[in-house]
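Student: Got a predicted structure here, sequence first:
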Amino acid sequence: MYVRALSLHDFRSWDKVGIELQPGRTVFLGSNGNGKTNLLEALGYLSTLSSHRVASEAPLIRTGMSKSLIGATVVNLGRELTIDVELNQGLANRARINRSPARRTREILGILRTVLFSPEDLALVRGDPGERRRFLDELSTTRLPRLAAVRSDYDRVLRQRSALLKTAARSRRADLGTLDVWDGHLAAHGSILVAERLKLVHELAPYLIEAYRSIAPESRPSSVRYKSSLGDSLPPEFLDIAREPVRDDAEVLEAVFLQELATVRSKEIERGVCLVGPHRDDLELYLGSEPAKGFASHGESWSYALSLRLASYELLRADGSDPVLMLDDVFAELDRRRRSALASVAADAEQVLITAAVGDDVPAELEADIVEVSTEQTDLGRVSRVVSTS
Ligand SMILES: Nc1ncnc2c1ncn2[C@@H]1O[C@H](COP(=O)(O)OP(=O)(O)OP(=O)(O)O)[C@@H](O)[C@H]1O
């Protein structure tokens, strides 16, 4: 697939812009702070309904404005769809598909599929488990958009159940009947998320191992393991990444989930926190037999993060349509071998959008359209501008 057109109103540093894009490679070129990453972030938002840089949406709306509009026309296997999202300060966001209002913003998920590799990705290796959980869930949702509703239901139930446990811990008295009901909801939604993550890890691992081997052949081999909070209740074969997932995994996991909740109930009431569920899990990354976090060098961590993104790209591609590959200021960070590994994927991809501060950062073998961006001082502050396209 590829993005044929991108339009923004009051998104970050852009007051108003429309950019026509082609398949193949495009480099957004400009000095630091000129708004290049903001363009990729906008497309990333249409793809995941979240930003890779900030947890809340307020910073995405241009300073002083109350709403922001991101629109894109996406061509997938010859079929064209236009999607747009309106971000509203303090109000619900709205989405449209081919100019018709969507009932929920999440209906646009799956229309634009992207893989973004950015400097922030180092946190996939060095950061907290939440970074890796988000990586897994966003990739699963790109492949199976209906998971967005499951994630949102799970988060809602988790919040309510956690509040109940906190009250129980404070008052030293639990409403066990109500807790039973929340346990049921938590296990129902949570087991679907865990089953999808296990399936994803099983499918992603071979691509990851191969990507890391080709980027860092001199390093130790990479491997991954899903770390589950379902404890001893979970049959160990579920954590064997070679195991083929089966259709009723989620049902089996739901029963396991309920059993584990029963096992830890008194501990949960005592501590006032929800100790079981996908929100406590992790994707453990290894180099040889050592955990990559805290062990991998800076270069190895970069290679690992890049491999996770390249593996995602290959997995989505194997599903039937090339996602849009977005590379945010990453070539400058890579040594020669890793640059050429990334360049060979980029040379072959249907559409690659690259940001760079100077043209020399982008490997010469990648012939690309250039969109030069700059900034301009206006009455309403400093705004980004496209100054030339070639
Ligand atoms: N909500 C906002 N309203 C107005 N301007 C914003 C907003 N958020 C960020 N900016 C501006 O956007 C600019 C940063 O844009 P961006 O991150 O896209 O830069 P970049 O061109 O990718 O730079 P670099 O090469 O340093 O990565 C900054 O000047 C910042 O002040």
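Tutor: It's in. Numbering: from 1, shown residues only.

Student: Which positions in the stretch 201-350 of the chain make contact with the ligand?
Tutor: residue 329 (Cβ under 6 Å from any ligand atom). For every residue, glycine as well, the C-beta is placed using N, CA and C.

Student: What is the neighbour count of the nearest residue to residue 369 once chain neighbours are set aside?
Tutor: In this structure, residue 369 finds its nearest non-sequential neighbour in residue 26, 4.6 Å apart by Cβ to Cβ, 6 or more residues apart in numbering. Other residues near residue 26 come to 22 when the count uses other Cβ atoms under 10 Å.

Student: Help me confirm that residue 26 comes into contact with residue 356.
Tutor: No. Between residue 26 and residue 356 there is no contact under Cβ atoms under 8 Å: 11.0 Å.

Student: which residues touch the residue of the stretch 101-250 of the chain at minimum distance from the ligand?
Tutor: Closest contact between the stretch 101-250 of the chain and the ligand, by Cβ to the nearest ligand atom, is at residue 119 (8.1 Å). Contacts were defined as Cβ atoms under 8 Å, 6 or more residues apart in numbering; by that measure residue 119 touches 328, 329, 330, 333.

Student: all strands of the stretch 201-350 of the chain, in order?
Tutor: For the stretch 201-350 of the chain, the strands defined by DSSP state E, counting those that start in this stretch cover 222-227, 282-287, 290-291, 324-328.

Student: For the closest residue in space to residue 178 that isn't next to it in sequence, which residues are in contact?
Tutor: Leaving out its chain neighbours, the residue that sits closest to residue 178 by Cβ to Cβ, 6+ apart is residue 164, at 6.4 Å. Counting by Cβ under 8 Å, 6+ apart, residue 164 touches 174, 175, 178, 179, 182.

Student: Next: residue 383.
Tutor: 13, 14, 15, 62, 375, 376.

Student: Now do the residue nearest to residue 369 against residue 142, distance only.
Tutor: Per Cβ to Cβ, to the nearest Å, residue 26 is found 21 Å from residue 142.

Student: repeat for residue 377
Tutor: 38 Å.

Student: what sits against residue 113?
Tutor: By Cβ under 8 Å, 6+ apart, the neighbours of residue 113 are 1, 47, 142, 316, 321, 323, 324.

Student: rerun that using 7 Å as the cut-off
Tutor: Applying Cβ atoms under 7 Å, 6 or more residues apart in numbering to residue 113 gives the contacts 1, 47, 142, 316, 323.

Student: among the contacts of residue 383, which are within reach of the ligand?
Tutor: Among the contacts of residue 383, the ligand is touched by 13, 62 when using Cβ under 6 Å from any ligand atom.

Student: In PyMOL, select just the buried ones from the contacts of residue 383.
Tutor: A single PyMOL command selects the buried members of these (16 or more other Cβ atoms under 10 Å):
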select buried, resi 13+14+15+62+375
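
Student: For the contacts of residue 383, work out which two are farthest apart.
Tutor: Between any two of those, the greatest separation by Cβ to Cβ is 13.8 Å, found for 62 and 376.

Student: follow-up on the earlier one: quick one, which of the contacts of residue 164 are buried?
Tutor: 174, 179, 182.

Student: Same list, those residues, but as TSV with secondary structure and pLDDT please.
Tutor: Shown next, in TSV, are those (DSSP: H, G, I helix; E, B strand; the rest coil; pLDDT from 0 to 100):
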residue	secondary structure	pLDDT
174	coil	73
179	helix	91
182	helix	96
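
Student: coming back round to it: just the ones of the contacts of residue 383 in helices?
Tutor: Of the contacts of residue 383, none are assigned to helices by DSSP state H.

Student: Among the contacts of residue 383, which lie within strands?
Tutor: Among the contacts of residue 383, the members found in strands (DSSP state E) are 14, 15, 375, 376.

Student: returning to that earlier point: may I have the secondary structure class of the residue nearest to residue 369?
Tutor: Assigned by DSSP: H, G, I helix; E, B strand; the rest coil, the conformation of residue 26 is strand.

Student: Specify the angle between the lowest-mean-pLDDT helix or strand in the chain and strand 324-328 in degrees.
Tutor: Least confident helix or strand, the chain: helix 336-348 with a mean of 87, by mean pLDDT, DSSP states H and E. With axes from the mean of the first three to the mean of the last three Cα atoms, to 10 degrees applied, the angle from helix 336-348 to strand 324-328 works out at 150 degrees.

Student: All good on my end, thank you.
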